[in-house]
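Asks: here are the coordinates; sequence isn't available:
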C-alpha cells in the first residue's frame, strides 16, 4: 500500500517524508505565498490564485491574506463565506465550511493527528479526521478547531475558543475547551439591544 493509499483509507501514513505529498504541499505553498503577497488592488490576480488553490470554493467567497493551507483541494467552502486575515486550514482531511460562514482573524482548523509517543511522532506518521461547519457559523477571532469536529449551522463560537468536540446548531459556545453556553433566540436580535 502506498502512503497516499494509507492516507485515503484513514490509516497512519508518512506525511512528512513521502516525496509526492511533500510536492503537493509545496505547490499549495507556492500559490498561497503568491496570494499573500498580492496588493489589495490586484483583485483579479487574487481571484485566479484562489481558484487554483481552492478548486472547491463556491461563488462570492471573500478570503483576506494571509491564508495558509496544506493542500487546498480538501477545502470545500460554501457561497458567501468570509475568511478574515491569518486563517490556517490544515486540510490533510476534508474541511467543509458551509454557506455564509464568518471566520474571524487568526482562526486555525487542524485535521492532522500525530502519535503521542515521540519516537512514532518523529517518524513522520500522522492520521487525519475531517472538520465540518454548517451554514451561517460565526467563529470569533483566534478560534482553534481540532480534528474530527463538527459545528452545527447557525452557531457562534466565541473568540479564543478551542473546539475539541462537536457543537450543536443554533447555540453560542465559548471556552477552552469550548462548551455550549446557551441557545441563540429571537432575544439576540439587534432589535432588543439598547
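Replies: It's in. Given the structure is predicted, the values throughout are model-derived calculations rather than measurements.
Asks: pLDDT value on residue 192, please?
Replies: Per-residue pLDDT puts residue 192 at 86.
Asks: likewise residue 138?
Replies: For residue 138, the model assigns a pLDDT of 98.
Asks: that one is in contact with residue 158, isn't it?
Replies: No: judged on CB atoms under 8 Å, residue 138 makes no contact with residue 158 at a distance of 9.6 Å. No exception for glycine: its C-beta is placed from N, CA and C like everyone else's.
Asks: what do the two both touch?
Replies: Counting by CB atoms under 8 Å, 6 or more residues apart in numbering, no residue touches both residue 138 and residue 158.
Asks: helices along this structure, start to end?
Replies: Under the criterion DSSP state H, the chain contains helices at 3-8, 19-36, 43-53, 118-121.
Asks: to residue 101, which of those lies closest?
Replies: helix 43-53 (15.8 Å; CB to CB).
Asks: compute the first-to-last residue distance for stretch 122-134.
Replies: 35 Å (CA to CA, to the nearest Å).
Asks: also stretch 148-165?
Replies: 8 Å.
Asks: what's it in contact with?
Replies: With CB under 8 Å, 6+ apart, stretch 148-165 has contacts from 98, 104, 129-146, 166-178, 181, 184.
Asks: what do you get for stretch 120-132?
Replies: 7, 10-17, 92-96, 109-115, 145, 147-151.
Asks: again, but for stretch 20-32
Replies: 3-4, 7, 15-16, 49, 52-53, 66-72.
Asks: going by neighbour count, which of the residues you listed are buried?
Replies: Taking 16 or more other CB atoms under 10 Å as the criterion, what is buried in the contacts of stretch 20-32 is 3, 7, 15, 49, 53, 67, 68, 69, 70, 71, 72.
Asks: would you check which pair of those lies furthest apart?
Replies: 3 and 49 (28.0 Å).
Asks: ok so, going back, can I get the helices of the chain in JSON lines including distance to residue 191 and mean pLDDT?
Replies: Below are the helices of the chain laid out as JSON lines (distance: least, CB to CB, whole Å; pLDDT from 0 to 100):
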{"stretch": "helix 3-8", "distance to residue 191": "49", "mean pLDDT": "94"}
{"stretch": "helix 19-36", "distance to residue 191": "39", "mean pLDDT": "97"}
{"stretch": "helix 43-53", "distance to residue 191": "35", "mean pLDDT": "97"}
{"stretch": "helix 118-121", "distance to residue 191": "52", "mean pLDDT": "94"}
